[in-house]
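Trainee: I'd like to go over a predicted model; first the sequence, then the structure.
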Amino acid sequence: MNLYFFQSTPYDFFAFTFLVILLLVQLRYYLFVFGRVSFCRTTPKLNIPKESWEPVSVIICARNEEQNLAEFLPAILEQDYPDYEVIVVNDCSTDDSDMVLRRLGTQYKHLKVTAIRTDPKFLHGKKLALTVGIKAASNNRLLLTDADCKPESKEWIKQMAENFSDEQTIVLGYGGYIQGKGMLNRFIRFDAFYVALQYLGFAMEKKPYMGVGRNLSYTKELYFNNRGFASHSHIPSGDDDLFIQQVATKRNTVVELRHSAHTRSKACGTYKEWVNQKRRHLTTSPLYKGTVKFRLALEPFSRILFWVLGLYLLLTNFYPLVVGAILVFRLIVVQVILKFAMNRLNERKIFIFSLIYDLFSPLLYALFMLANGLTLNRQKWK
């Protein structure tokens, strides 16, 4: 008879049972949510005749983005699409953004520029600039991105737009970060990749809850029929997650994963900038629906508890071969899912962070949420 059985306590058996339950929870997320991104087939081209392509309005909000506009805007203005306009909302810029836009306007006739002037008595966030851009749009189909973003190909507009139908009015795209040097760049890219696994995976499971403003498309009609950002206009962030959560359904939302439909933007250059960015993004999470908050919290909570119980059982020498096999099995499944997802989203040289992120990201996000709860956040434009 096994000696471990007599040395074990009822608490050990309870911990082992709970460990197995947590494993099943983790497999549910990785195989049936994140795995949808890893193993799905890319959307086939519809080969719609050019004369049948409906016009698109690309909207970009820019505040003091002189260099980014000069570097990235031409790639958007040179898209292979027959009928589109690019609307840049120059929002209270104090640099030479207006000069860059005037110069580009002489080269590209489909560039439209609208400006918001500084008013010291009235502070506003990005949502006002987006609303101005949407009102200025001539077309029903809107495609949103940022001034520091560039599309991965000249077919970006086409491949995002061809997902629209009478029923599908929201298209969620992938917006990653430009590959750079250093560990910070790789970590930021992995974090963005993992967030994308969540919102894209749940959307593919017919449970959409957010998109990212770096690569997001919906109709002007949908925006105005739902009163735009009115329900959360007092919140600085939320133009992508809170709005999509408000209007998205399992029928009107579709995901676009083809590499040529991705966008890439510049990553933060310092840890302080990234921490401030993450904290700003997390200010909207308390306003999520209860079911969404539960789904998003259960995965990291079950993950950290899985490791804690696994290590506890190993230290108490409770069936170490069985417990070790469970830990290794879960680790292998996760690594396979992540590797295939990285290939699907065209992410390179970030696999090294998968184990580190797996262990420490729940604690990191918990610290961010705690810091947000203890401090008052100043309103940020972006």
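Mentor: Good, I have the coordinates.

Trainee: please count neighbours and contacts with C-alpha atoms only from this point.
Mentor: OK.

Trainee: can you name the next helix or strand after the helix or strand bottoming out on mean pLDDT in the chain?
Mentor: Within the chain, no helix or strand scores below helix 3-7, which has a mean of 49 by mean pLDDT, DSSP states H and E. Downstream of helix 3-7, the next assigned helix or strand under DSSP states H and E is helix 10-29.

Trainee: what are the buried residues along that following helix?
Mentor: Buried residues in helix 10-29, counted by 16 or more other Cα atoms under 10 Å: 12, 15-16, 18-19, 22-23, 25-27, 29.

Trainee: send me it as PDB with only the CA atoms.
Mentor: Extracted in PDB, the C-alpha atoms of helix 10-29 (Å, rounded to 0.1, in the frame of the first residue of the first chain):
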ATOM      1  CA  PRO A  10      -7.700  15.400   4.300                       C
ATOM      2  CA  TYR A  11      -6.500  18.900   3.300                       C
ATOM      3  CA  ASP A  12      -4.100  17.300   0.900                       C
ATOM      4  CA  PHE A  13      -6.900  15.300  -0.800                       C
ATOM      5  CA  PHE A  14      -9.100  18.500  -0.900                       C
ATOM      6  CA  ALA A  15      -6.200  20.400  -2.500                       C
ATOM      7  CA  PHE A  16      -5.600  17.700  -5.000                       C
ATOM      8  CA  THR A  17      -9.300  17.600  -6.000                       C
ATOM      9  CA  PHE A  18      -9.300  21.300  -6.400                       C
ATOM     10  CA  LEU A  19      -6.100  21.200  -8.400                       C
ATOM     11  CA  VAL A  20      -7.800  18.900 -10.900                       C
ATOM     12  CA  ILE A  21     -10.900  21.200 -11.100                       C
ATOM     13  CA  LEU A  22      -8.600  24.200 -11.700                       C
ATOM     14  CA  LEU A  23      -6.800  22.200 -14.500                       C
ATOM     15  CA  LEU A  24     -10.200  21.700 -16.200                       C
ATOM     16  CA  VAL A  25     -11.000  25.400 -15.900                       C
ATOM     17  CA  GLN A  26      -7.600  26.300 -17.400                       C
ATOM     18  CA  LEU A  27      -8.100  23.800 -20.300                       C
ATOM     19  CA  ARG A  28     -11.600  25.300 -20.900                       C
ATOM     20  CA  TYR A  29      -9.900  28.700 -21.500                       C
END
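
Trainee: list the buried residues in the next helix or strand after it.
Mentor: Next helix or strand after helix 10-29 toward the C-terminus (DSSP H and E): helix 35-39. Residues 35-38 are the ones in helix 35-39 that count as buried (16+ other Cα under 10 Å).

Trainee: which intervals of the chain have sub-threshold pLDDT?
Mentor: 1-8, 42-52, 121-123, 374-382 (pLDDT under 70).

Trainee: got the contact list for the nearest residue to Lys127 once chain neighbours are set aside?
Mentor: Nearest residue to Lys127, sequence neighbours excluded (Cα to Cα, 6 or more residues apart in numbering): Asp239, at 6.1 Å. Shown in contact with Asp239 (Cα atoms under 8 Å, 6 or more residues apart in numbering): 126-127, 213, 229.

Trainee: how much space between Asp239 and Glu152?
Mentor: 23 Å (Cα to Cα, to the nearest Å).

Trainee: what's the answer for Val275, then?
Mentor: 27 Å.

Trainee: Ala15 contacts Val308, doesn't it?
Mentor: No - the pair Ala15 / Val308 is not scored as a contact, 10.0 Å apart, by Cα atoms under 8 Å.

Trainee: for Phe72, which residues are in contact?
Mentor: Counted by Cα under 8 Å, 6+ apart, Phe72 has contacts 147-150.

Trainee: select from those residues the one having the most neighbours.
Mentor: Taking other Cα atoms under 10 Å to define a neighbour, the member of those with the most is Lys150, carrying 27 neighbours.

Trainee: quick check: which element contains that one?
Mentor: Going by DSSP H and E, Lys150 is part of strand 149-151.

Trainee: now that strand, how far from the centre of its chain.
Mentor: With Cα atoms, centre = their mean, to the nearest Å as the basis, strand 149-151 stands 15 Å off its chain's centre.

Trainee: which residues touch whichever helix or strand comes after that strand?
Mentor: Under the assignment DSSP H and E, the closest C-terminal helix or strand after strand 149-151 is helix 156-161. Helix 156-161 is contacted from outside by 45, 56, 79-81, 141, 143, 171, 173, 217, 256, 260-262, using Cα under 8 Å, 6+ apart.
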